[in-house]
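[1] I'd like to go over a predicted model; first the sequence, then the structure.
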Amino acid sequence: MNFESILLPGIDEKRPLVIAGPCSAETEEQVMTTAKELAANGVKIYRAGVWKPRTKPGGFEGVGSPALKWMMQAEKETGMYMATEVATERHVYEALKYGIDMLWIGARTAANPFAVQEIADTLKGVDIPILIKNPVNPDLELWIGAIERLYNAGIKKLGLIHRGFSTTDKTIYRNLPQWHIPIELKRRFPTLPIICDPSHIGGRRDLIQTISQQAMDLNFYGLIIESHCSPDEAWSDKDQQITPAKLRDILEAIVIRDTVQTTEDLSVLRSQIDELDNELLQLLAKRMRVSREIGHYKLEHDMPILQTQRYDHILNDRAAQGERMDMSGDFVKQVLEAIHSESVRQQFEVMEKNKK
Ligand code: PEP
Ligand code: MN
């Protein structure tokens with residue numbers, strides 16, 4: 001595939017390409033104040049959600065077309081380019097009618113081939129950069145399908161946004177990064193720029209710096225970060241929005257490292273380690289949940305917590321299995337002993353709390 005650059009005139013080629021702005025356009029004043037503060041801090045592309053996909057009806061679903069007018073006014077006053085999310089044919093028409101410079105397809109929409117096709121058909125002959133967020137579910141082929149639908153409609157100025165994948169497990173992230181997915185995408189489409197969205201991955205202000213640095217270390221092209229003139233009062237995603245001043249600090253602190261092969265390979269390996277540690281912890285948490293259930297069962301049936309025979313069997317059996325998997329048996333025993341003692345502690349807790 002032959003992609004074209006998503007860089008708009010006057011924008012530096014150097015990493016990271018930065019897109020920033022509020023989750024949602026709320027009022028004319030908020031759109032304008034945030035835009036002016038961001039422009040003063042060197043941001044060149046402004047994002048704001050005009051139509052907001054919400055899990056349940058009744059929440060703030062975006063201001064709609066009037067917000068496009070405010071954004072174009074902000075463009076006039078600051079010289080920044082404007083970007084917004086589109087999910088339907090009508091959104092595309094409206095955004096183009098007002099002169100929005102860049103569009104993105106949101107994560108919920110990217111998961112729906114009918115919606116992506118409708119947007120692709122509407123965009124035929126349009127020559128502005130289009131960014132595709134990863135689908136909410138970790139389905140690489142579905143993401144690639146969306147790229148193909150737009151490409152087949154003649155859109156060449158394509159880019160991707162990695163915003164993480166939804167999960168029902170409790171984790172520090174709002175959406176799991178699962179870095180291996182965008183990394184695999186980069187391997188398959190080396191010329192397609194990937195922009196990281198640390199705001200939606202982290203869901204928390206204090207995670208933005210780290211995730212942004214990780215993305216840069218993985219050689220991502222850019223960052224799309226939610227920034228609001230008054231984050232605590234934001235009408236959507238307030239926990240993850242930062243002030244334009246904070247954004248400047250974060251961007252200044254980011255280190256862009258050499259992209260020589262060895263560094264890049266090491267970063268890829270380290271990110272695999274991070275990912276695996278994260279999976280390990282999640283598995284451990286799941287195992288503890290099962291242990292607590294066993295605790296409840298034992299309590300109901302007046303059984304003792306410790307059943308020595310079963311414990312011995314587990315230890316020896318797993319140690320042998322570990323050896324077959326190229327680990328030392330002692331190491332596996334130590335790990336399992338630590339896990340077991342935490343299980344026992346959690347079962348005691350269950351007993352304590354539920355004592356009649
Ligand atoms: C957004 O960018 O504000 C948004 C709704 O993101 P996502 O589609 O990634 O949830
Ligand atoms: Mn948001």
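    Ah, there it is. Residues are numbered from 1 along each chain as shown. Ligands and ions are numbered 1, 2, ... in the order given.

[2] ok and the residue in the stretch 101-250 of the chain nearest ligand 1?
    Here the stretch 101-250 of the chain gets closest to ligand 1 at one residue, Gly106, 3.2 Å apart by CB to the nearest ligand atom. Heads up, the C-betas are built off the backbone N, CA and C, glycines and all.

[3] how far away is the closest residue to that residue other than its chain neighbours from Ile45?
    Closest residue to Gly106 in three dimensions, ignoring its sequence neighbours and counting by CB to CB, 6 or more residues apart in numbering: Glu85, at 4.8 Å. Distance, Glu85 to Ile45, using CB to CB, to the nearest Å: 14 Å.

[4] equivalent analysis for Ala245, please.
    Separation of Ala245 from Ile45 (CB to CB): 18 Å.

[5] so what strands line up beside the strand or helix carrying Leu103?
    For Leu103, the element it lies in under DSSP states H and E is strand 102-105. Strand 102-105 pairs in its sheet with strand 81-86 (parallel), strand 130-133 (parallel), by DSSP bridges.

[6] mind putting those strands into CSV with distance to Lys157, mean neighbour count and mean pLDDT?
    As requested, the strands paired with strand 102-105 are arranged in CSV below (distance: least, CB to CB, whole Å; neighbours: other CB atoms under 10 Å; pLDDT from 0 to 100):
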stretch, distance to Lys157, mean neighbour count, mean pLDDT
strand 81-86, 13, 24, 98
strand 130-133, 7, 25, 98
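
[7] adding distance to Phe331, write these out as a markdown table.
    Output for the strands paired with strand 102-105, formatted as a markdown table (distance: least, CB to CB, whole Å):
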| stretch | distance to Phe331 |
| --- | --- |
| strand 81-86 | 49 |
| strand 130-133 | 41 |
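
[8] ok, which of those comes nearest Ala115?
    strand 81-86 (9.7 Å; CB to CB).

[9] neighbours around the residue in the stretch 251-356 of the chain that ligand 2 sits nearest to, how many?
    Nearest residue of the stretch 251-356 of the chain to ligand 2 (CB to the ion) works out as Leu251 at 19.0 Å. By the measure other CB atoms under 10 Å, the count of residues near Leu251 is 18.

[10] restricting to C-alpha, output the helix or strand containing it in CSV.
    For Leu251, the enclosing helix or strand under DSSP H and E is helix 244-253. Presented in CSV, the C-alpha positions along helix 244-253 are these (Å, rounded to 0.1, in the frame of the first residue of the first chain):
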residue,chain,number,x,y,z
PRO,A,244,-2.0,23.2,28.6
ALA,A,245,0.8,24.2,31.0
LYS,A,246,1.0,20.6,32.3
LEU,A,247,1.0,19.4,28.8
ARG,A,248,4.0,21.7,28.0
ASP,A,249,5.9,20.3,31.0
ILE,A,250,5.2,16.7,29.9
LEU,A,251,6.3,17.4,26.3
GLU,A,252,9.5,19.1,27.5
ALA,A,253,10.4,16.2,29.8
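
[11] which residue does this structure bring closest to ligand 2?
    Evaluated by CB to the ion, the chain has Cys23 as its residue closest to ligand 2, separated by 3.3 Å.

[12] how many residues are close by the residue lying closest to that residue once chain neighbours are set aside?
    Spatial nearest neighbour of Cys23, chain neighbours left out: Asp237 (4.0 Å); criterion: CB to CB, 6+ apart. For Asp237, the neighbour count with other CB under 10 Å is 19.

[13] which ones are touching Asp237?
    Taking CB atoms under 8 Å, 6 or more residues apart in numbering, we find Asp237 in contact with 23-24, 199-200, 203, 226.

[14] residues of the stretch 51-200 of the chain that sit close to ligand 1?
    Residues of the stretch 51-200 of the chain lying close to ligand 1 (CB under 6 Å from any ligand atom) are 85, 106-108, 133, 163, 200.

[15] if we can go back for a sec, Ala245 and Ile45 - which one has more neighbours?
    Between Ala245 and Ile45, counted using other CB under 10 Å, Ile45 has the larger neighbour count: 22 against 13.

[16] can you give me the strands in the stretch 201-350 of the chain?
    Per DSSP state E, counting those that start in this stretch, the stretch 201-350 of the chain carries strands over the ranges 222-226.

[17] low-confidence stretches in the stretch 251-356 of the chain?
    Per-residue confidence for the stretch 251-356 of the chain (pLDDT under 70) gives these ranges: 258-264, 356.

[18] check it for the residue nearest ligand 1 and tell me.
    Among all residues of the stretch 251-356 of the chain, Leu251 sits closest to ligand 1, at 18.6 Å; criterion: CB to the nearest ligand atom.

[19] for the closest residue to Lys286 other than its chain neighbours, helix, strand, or coil?
    Spatial nearest neighbour of Lys286, chain neighbours left out: Asp169 (7.9 Å); criterion: CB to CB, 6+ apart. Of the three states, Asp169 takes coil under DSSP: H, G, I helix; E, B strand; the rest coil.

[20] touching, Asp169 and Leu281? I think so.
    No - counting by CB atoms under 8 Å, Leu281 is not a contact partner of Asp169; they are 9.9 Å apart.

[21] how about Gln347, nearest residue that isn't a chain neighbour?
    Spatially, and ignoring its direct neighbours in sequence, Gln347 is nearest to Gly295 (3.5 Å; CB to CB, 6+ apart).
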